[in-house]
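# need a 3D model of the sequence below.
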Amino acid sequence: MPEQQTDLRPVTMPRVKVRHVVEADRPRFVELFCDECFMTFSGGALTLREAHERFDRMIALRAEVSFAKQAIVELSSGVVVGYTGVDWIDLEGRRWLEWGYRLDPAARGKGYATEATEALLVRAAGEYSGDLLAIIHPDNHPSQNVSRKLGFRWWKTADVNGALRNIYRMQLPAAGS
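Below is the predicted model of the structure:
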């Protein structure tokens, strides 16, 4: 289990910054969560209430896990273009950390998901040892490619909340190993 949150500093890469979400991000994330294109491969757009609840979850989780889902900010525009990071998932009777990333369609195909996730994985590796999962719709080939680039390895196809998903797995070694 991850330790108490230790690092809230943003991570800046050449083209993006990864930072914890703040209340001022709510309108942008609600807009994204209600957008069918942003939410593709995830069951579709959320209702307004569901979008607010999902954002509340992001805010709450940052107090528990320093590499929880965070905003990806495009440096050239200053716009939040998506998120990367973990949340908890119960799968097959076990609680796992699941890594997820999602980008605004206009920001896809630019390498932002890889760049941002690599940065946050460095933080994760310094604070956590154990398995991380990436759960991906079987038709989402770009996301599967990103997960493999990041070091996740295909594990299996399984039922996740009533739908078949490809599950990729990464083992983070103990810090300092």
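# where is the longest strand in this protein?
strand 80-91 (DSSP state E).
# list the buried ones in that one?
80-88, 91 (16 or more other C-beta atoms under 10 Å). Heads up, the C-betas are built off the backbone N, CA and C, glycines and all.
# what does stretch 100-110 contact?
Residues from elsewhere that reach stretch 100-110 (C-beta atoms under 8 Å, 6 or more residues apart in numbering): 15, 32, 35, 37-39, 42, 69, 72, 74, 81-87, 112-113, 116-117, 134-135, 142-143, 146.
# try it again at 6 Å.
Here stretch 100-110 makes contact (C-beta atoms under 6 Å, 6 or more residues apart in numbering) with 37-38, 81-84, 112-113, 117.
# quick check: mean pLDDT across it?
Across stretch 100-110, pLDDT averages out at 95.
# going forward, begin numbering at 25 instead of 1
Got it, the first residue is 25 from now on, which makes the last one we talked about stretch 124-134.
# that one: end-to-end distance?
Using C-alpha to C-alpha, to the nearest Å, the span of stretch 124-134 from its first residue to its last is 17 Å.
# which of the residues in that stretch are buried?
Judged by neighbour count (16+ other C-beta under 10 Å), stretch 124-134 contains these buried residues: 124-128, 131-132.
# as CSV, the residues you listed with secondary structure and distance to R78 would be great.
As requested, the buried residues of stretch 124-134 are arranged in CSV below (DSSP: H, G, I helix; E, B strand; the rest coil; distance: C-beta to C-beta, whole Å):
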residue, secondary structure, distance to R78
G124, strand, 11
Y125, strand, 15
R126, strand, 11
L127, strand, 16
D128, coil, 16
A131, helix, 19
R132, coil, 20
